[in-house]
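> sequence-free structure coming up:
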């Protein structure tokens with residue numbers, strides 16, 4: 001009979017002070033030494049790492065009821081304090097009810113509604129990129145993806161309204177860490193007050209004039225007793241949709257454009273696919289975007305190499321056993337996205353850029369379900385996955401067909417992981433019209 005070991009028997013990994021600069025590499029080394037379960041310290045807290053496709057399936061599907069998104073996002077990271085309890089950090093029936101409300105606006109067929117807006121904003125922003133001598137593609141992509149999310153998901157008007165909204169968000173997202181609890185609380189209170197001032201009139205407007213965009217669906221939604229969501233809850237949902245709706249895309253756009261400058265031969269293959277699909281068309285339609293498989297494989301490879309979130313945080317709310325260890329309720333746990341994406345037992349030469357790993361006949365991700373989890377997986381897979389993928393493919397399609405990417409030499413380009421990942425010093429490029 002196999003003896004079940006206790007939590008304290010789980011190997012503990014001591015990370016160097018600069019662990020956030022080399023997180024994927026360090027966690028992959030820990031996996032090679034200790035296997036699919038180990039402990040370490042992250043953001044000053046002890047956290048359990050569960051690694052690999054089976055660990056991801058365990059946490060995201062088979063035993064997901066034993067884990068709390070709310071505790072994970074609120075106690076390991078301060079997402080709930082800052083942005084409210086949106087879909088990302090809800091649990092159980094509350095999550096299922098509100099996700100059901102939002103689902104219609106995130107189906108792949110609904111993306112047709114967003115494409116004209118995406119295309120217009122892409123053209124405007126990319127023209128401004130080309131007008132600059134050089135740009136930080138991460139910062140530039142952040143402005144674009146935020147504008148798309150703000151206008152598509154909340155119906156905010158282009159111009160001063162979106163500019164103000166973006167400024168309020170960026171003041172929070174790019175601010176240095178708070179020096180004290182008091183400073184963090186002041187920052188949080190200011191942000192909440194600004195968002196309430198900006199969005200409360202919009203909520204009232206939607207109540208009087210219903211719409212079928214995501215904002216309108218939230219405003220019109222009722223619970224089982226016929227009650228509308230509070231303004232506070234609607235604003236929390238909007239906050240999370242905007243954060244998740246542009247952070248993920250920003251990171252993937254920046255890294256994908258970097259990878260394509262580093263691999264011009266693959267870029268040529270994408271351009272050949274574009275020519276075959278679009279000819280002289282200016283903007284692709286949804287069916288054409290869905291057929292961009294060579295580009296899609298490059299996007300999947302960017303997601304694998306540089307996942308926007310390194311680890312999915314969860315609070316353990318029921319005891320469980322995994323790999324012979326007993327883990328008690330009250331523990332903090334990660335399903336480790338960045339480590340799962342680096343396992344040589346799953347991915348051939350995992351450090352190499354190789355989009356063909358996703359193409360037939362190899363399809364490494366299909367041989368190991370839950371190996372690629374940059375957008376999560378299972379019933380709680382990121383609700384915005386279709387939105388992000390269509391947006392990024394539309395952007396890269398337009399840029400590659402109309403411009404040339406040139407990487408500025410002499411940069412220190414590497415990923416840094418806080419709550420989300422970002423290039424440590426940005427990625428500087430020239431965007432040159434063809």
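That came through fine. None of the values given here were measured: they were computed from a predicted structure.
> so what's residue 20 up against?
With contact taken as C-beta atoms under 8 Å, 6 or more residues apart in numbering, residue 20 is in contact with 416-418. Just so you know, the C-beta spots here come from the backbone N, C-alpha and C atoms, and that holds for glycine as well.
> Give me the buried entries from the residues you listed.
416-417 (16 or more other C-beta atoms under 10 Å).
> In helices only, show me the contacts of residue 20.
Among the contacts of residue 20, no member falls in helices (DSSP state H).
> In a markdown table: the contacts of residue 20, plus distance to residue 245 and pLDDT.
Shown next, in a markdown table, are these (distance: C-beta to C-beta, whole Å; pLDDT from 0 to 100):
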| residue | distance to residue 245 | pLDDT |
| --- | --- | --- |
| 416 | 21 | 94 |
| 417 | 20 | 94 |
| 418 | 18 | 88 |
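> nearest to residue 74, of the contacts of residue 20?
residue 418 (16.2 Å; C-beta to C-beta).
> Return the set of buried residues in whichever helix or strand residue 247 is part of.
Element membership for residue 247 (DSSP states H and E) is helix 231-262. Residues of helix 231-262 classed as buried: 233-261 (neighbour count, 16+ other C-beta under 10 Å).
> And for stretch 423-434?
Buried residues in stretch 423-434, counted by 16+ other C-beta under 10 Å: 423, 426-431.
> Pull the contacting residues for residue 217.
Residue 217 neighbours (C-beta under 8 Å, 6+ apart): 101-102, 104-105.
> want to throw these into a markdown table with pLDDT?
Output for the contacts of residue 217, formatted as a markdown table (pLDDT from 0 to 100):
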| residue | pLDDT |
| --- | --- |
| 101 | 90 |
| 102 | 91 |
| 104 | 90 |
| 105 | 90 |
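> quick one: which of these sit in helices?
101-102.
> Most neighbours among the contacts of residue 217, please name it.
residue 105 (23 neighbours; other C-beta atoms under 10 Å).
> hey, where'd the strands end up in the stretch 51-200 of the chain?
Secondary structure of the stretch 51-200 of the chain (DSSP state E, counting those that start in this stretch): strands at 67-68, 135-136.
> so what strands line up beside the first one?
Which is strand 67-68. strand 311-316 (antiparallel) (DSSP bridges).
> What of the last one?
Strand 135-136 sits in its sheet next to strand 428-433 (antiparallel), going by DSSP bridges.
> what about residue 24, how many residues close to it?
Should you count by other C-beta under 10 Å, residue 24 turns out to have 22 residues around it.
> Can you tell me the SS state at it?
helix (DSSP: H, G, I helix; E, B strand; the rest coil).
> Now flag whichever of the buried residues of stretch 423-434 is closest to residue 169.
residue 426 (18.5 Å).
> any idea how far that closest one lies from residue 248?
18 Å (C-beta to C-beta, to the nearest Å).
> For the stretch 201-350 of the chain, which segments count as helices?
For the stretch 201-350 of the chain, the helices defined by DSSP state H, counting those that start in this stretch cover 214-220, 231-262, 264-278, 286-290, 293-305, 337-340.
> Kindly report the same for the stretch 1-150 of the chain.
Here the stretch 1-150 of the chain has its helices, by DSSP H, counting those that start in this stretch, at 23-34, 53-57, 69-71, 79-83, 92-102, 111-131, 137-154.
> What separation is there between the residue nearest the centre of the chain and residue 179?
Per C-alpha atoms, centre = their mean, the C-alpha nearest to the average position across the chain is that of residue 248, at 3.0 Å. Distance from residue 248 to residue 179, counting by C-beta to C-beta: 29 Å.
> Please verify my assumption that residue 399 contacts residue 432.
No - counting by C-beta atoms under 8 Å, residue 399 does not reach residue 432; the two are 10.8 Å apart.
> where does the chain have low pLDDT?
1-2 (pLDDT under 70).
> give the contact list for the residue lying closest to residue 72 once chain neighbours are set aside.
Of all residues not flanking residue 72 in the chain, residue 313 sits nearest, at 3.4 Å (C-beta to C-beta, 6 or more residues apart in numbering). Contacts were defined as C-beta under 8 Å, 6+ apart; by that measure residue 313 touches 47, 69, 72-73, 76-77, 332-334.
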